[in-house]
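Novice: The following comprises the amino acid sequence and a computationally predicted model.
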Amino acid sequence: MSGHSKWATTKHRKGAVDAARGKLFAKLIRQVEVAAREGGGDMTANATLRTMFAKARDASVPLDTIERAIKRGTGELEGVRYEAISYEGYAPSGVAMIVECLTDNRNRTGSEVRSLFSRNGGSMAEPGAVSWQFERKGVVMVPKSVGEDELMAAALEAGGEDLRDEGDEWMVTSAPADLAGIHSALSGASIAVDSAELEMVPTTRVGVTDESTAKRVLKLIELLEEHDDVQSVWANFDIPDEILERVEL
């Protein structure tokens with residue numbers, strides 16, 4: 001199992017703690033609102049909204065809160081207008097990073113993201129400089145208690161492209177538009193799902209074998225994720241499990 005996958009699992013668990021504090025709620029609500037504005041409020045016709053709705057419900061965001069966010073997105077209720085913007089850059093050791101934001105002030109967010117990079121051993125890059133090292137995929141994580149054959153049959157029938165063993169979990173990848181359908185199919189087959197996300201999956205990885213450097217890479221990611229406008233941070237590091245375990249202590 002790659003250290004990157006293990007870190008992703010840790011982040012999902014951390015997300016449950018964030019949700020209790022309300023921080024994750026605010027980010028999910030913003031994602032729902034933007035999805036509704038860009039694709040309409042009909043979830044049968046808006047695959048992105050379906051995915052964001054399921055993600056918010058999985059995090060226990062109240063249904064009425066989600067519905068209000070959809071109405072703000074479609075213009076039925078007044079609200080702040082957010083725009084999506086991505087920044088590209090490098091963490092220490094040349095680790096490629098994509099930072100996805102939703103903001104009501106592009107200049108402020110850009111300045112603050114740039115400052116976080118520069119103060120923590122990283123650097124911003126021009127658009128397109130690192131994005132070619134990633135591809136957007138639907139990613140569903142399923143506990144290892146589910147049998148491989150059972151999971152493969154259900155996932156592939158619903159549009160899954162690949163099934164990988166990630167140690168404690170199975171990882172199902174798909175085209176972004178198939179994510180909601182796979183999530184629904186697995187739920188319908190009574191297969192537990194740990195998470196279902198749209199992710200930027202690295203096509204190449206940078207090995208980080210020095211503990212000090214690993215700490216710096218993960219610290220930059222953590223600081224970026226704590227920013228209110230940052231929705232997702234994707235990085236192509238691969239930290240060996242033994243180093244990752246020491247860093248997380």
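Specialist: Cool, the structure landed.
Novice: List the contacts of residue 32.
Specialist: By CB atoms under 8 Å, 6 or more residues apart in numbering, the contact set of residue 32 is 49, 52, 53, 56, 66, 69, 70, 73. For the C-beta atoms, the positions are set from N, CA and C on the backbone; glycine is no exception.
Novice: The first one belongs to a helix, doesn't it?
Specialist: To tie it back to what came earlier, the one meant is residue 49. Yes - residue state for residue 49 (DSSP: H, G, I helix; E, B strand; the rest coil) corresponds to a helix.
Novice: excluding its backbone neighbours, what's nearest it?
Specialist: Using CB to CB, 6 or more residues apart in numbering and skipping residues adjacent in sequence, the residue nearest residue 49 is residue 35, 4.2 Å away.
Novice: circling back: quick one: which of the contacts of residue 32 sit in helices?
Specialist: Those of the contacts of residue 32 mapping onto helices are 49, 52, 53, 56, 66, 69, 70, 73, per DSSP state H.
Novice: Turn those into TSV, including distance to residue 187 and pLDDT.
Specialist: Putting the ones in helices among the contacts of residue 32 into TSV (distance: CB to CB, whole Å; pLDDT from 0 to 100) gives the following:
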residue	distance to residue 187	pLDDT
49	18	87
52	17	86
53	14	90
56	15	88
66	18	92
69	22	90
70	21	92
73	25	87
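Novice: out of these, who's nearest residue 224?
Specialist: The shortest approach to residue 224 among the ones in helices among the contacts of residue 32 belongs to residue 52, at 20.5 Å (CB to CB).
Novice: Report how many residues lie close to the closest one.
Specialist: Counted with other CB atoms under 10 Å, the neighbours of residue 52 add up to 28.
Novice: you'd agree it is up against residue 28?
Specialist: Yes - with contacts defined as CB atoms under 8 Å, residue 52 counts as touching residue 28 at a distance of 7.2 Å.
Novice: what sits opposite residue 171 in the beta ladder?
Specialist: For residue 171, the residues forming beta bridges with it (DSSP bridges) are residue 141, residue 164.
Novice: I figured it hits residue 164, correct?
Specialist: Yes - counting by CB under 8 Å, residue 171 touches residue 164, with 4.6 Å between them.
Novice: Which one's more surrounded, those two?
Specialist: Under the neighbour definition other CB under 10 Å, residue 171 and residue 164 were set side by side, and residue 171 has more, 22 against 13.
Novice: Provide a list of residues in contact with that one.
Specialist: The contact partners of residue 171, by CB under 8 Å, 6+ apart, come to 5, 139, 140, 141, 142, 163, 164.
Novice: Show me which of those is closest to residue 42.
Specialist: residue 140 (23.6 Å).
Novice: How confident was the prediction at residue 50?
Specialist: The model reports residue 50 with a pLDDT of 86.
Novice: what pLDDT does the nearest residue to it once chain neighbours are set aside get?
Specialist: Counting by CB to CB, 6+ apart, the nearest residue to residue 50 once its immediate chain neighbours are dropped is residue 180, at 4.2 Å. Among the per-residue scores, residue 180 holds a pLDDT of 83.
Novice: which element is residue 180 on?
Specialist: Of the helices and strands defined by DSSP states H and E, residue 180 is found in helix 179-188.
Novice: Would you mark the buried spots in the helix or strand just after that helix?
Specialist: Along the chain past helix 179-188, the next helix or strand (assigned with DSSP H and E) turns out to be strand 195-202. Of the residues in strand 195-202, 195, 196, 197, 198, 199, 200, 202 count as buried by neighbour count, 16 or more other CB atoms under 10 Å.
Novice: which secondary structure elements does strand 195-202 contact?
Specialist: helix 47-58, strand 95-103, strand 134-143, helix 179-188, strand 230-235 (3 or more CB pairs under 8 Å, 6 or more residues apart in numbering; DSSP states H and E).
Novice: I'd like the average pLDDT over the helix or strand following it.
Specialist: Toward the C-terminal end, the helix or strand that comes next after strand 195-202 (DSSP H and E) is strand 206-207. Here the mean pLDDT over strand 206-207 is 92, rounded to a whole number.
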